[in-house]
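Q: got a predicted model here, sequence first, then my questions.
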Amino acid sequence: MANNNSALKKKILTVDDEVDFLKILKLRLEANGYEVITAFDGEEALEKIKSQSPDLVILDIMLPKLNGEEVCRDIRKDPVLNKIPIIMLTGKCTDVDRIVGRVIGADVYITKPFDFKELSSAIKKVLQI
């Protein structure tokens, strides 16, 4: 488990409506030295993005209130937030879903179930650490 100084400074917002999944993901990311904040729906995600300025958003698509596609579009439309990297981490796994994810602004699209090493590598790539 890497616990380097550059990772320690990075804040990740994870957004998923599956509470148990979110808890496990949070623990894994914290064990790798990241500060992790969580949101359970799209509206809460946007509020936390604006109030807590994460370095990265890991975003599910199927969310209550606002879905992940709407959240991603809102982030990309906002001139203050649009540089925040977004990793879509979702159960939607068709080629069309992947294309839509990239078109609306996701930097990386990973489908569940996923390998944590793949996610970790994607995080390091988008955060340039």
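A: All right, it came through fine.
Q: so, low pLDDT: which residues of this structure?
A: When the per-residue scores of the chain are filtered using pLDDT under 70, the ranges that remain are 1-8.
Q: strands along this structure, start to end?
A: With DSSP state E as the definition, the chain shows strands at residue ranges 11-15, 35-39, 56-59, 86-90, 108-111.
Q: residues contacting the residue nearest to Gly42 when sequence neighbours are not counted?
A: Of all residues not flanking Gly42 in the chain, Leu66 sits nearest, at 2.7 Å (C-beta to C-beta, 6 or more residues apart in numbering). Placement of C-beta: from N, CA and C, glycine included. Under the criterion of C-beta atoms under 8 Å, 6 or more residues apart in numbering, the contact list for Leu66 reads Asp41, Gly42, Glu43, Ala45, Leu46, Asp74.
Q: how close does Leu66 sit to Glu47?
A: Distance of Leu66 to Glu47, computed by C-beta to C-beta, to the nearest Å: 11 Å.
Q: swap in Lys65?
A: Separation of Lys65 from Glu47 (C-beta to C-beta) stands at 11 Å.
Q: cool, and Arg73?
A: Using C-beta to C-beta, Arg73 is found at 16 Å from Glu47.
Q: and what of Leu89?
A: Taken as C-beta to C-beta, the span from Leu89 to Glu47 is 20 Å.
Q: cool, Pro64 as well?
A: Counting by C-beta to C-beta, the gap from Pro64 to Glu47 is 14 Å.
Q: I'd say Lys48 and Ala39 touch.
A: Yes: taking contacts as C-beta atoms under 8 Å, Lys48 lies within contact range of Ala39: 5.2 Å.
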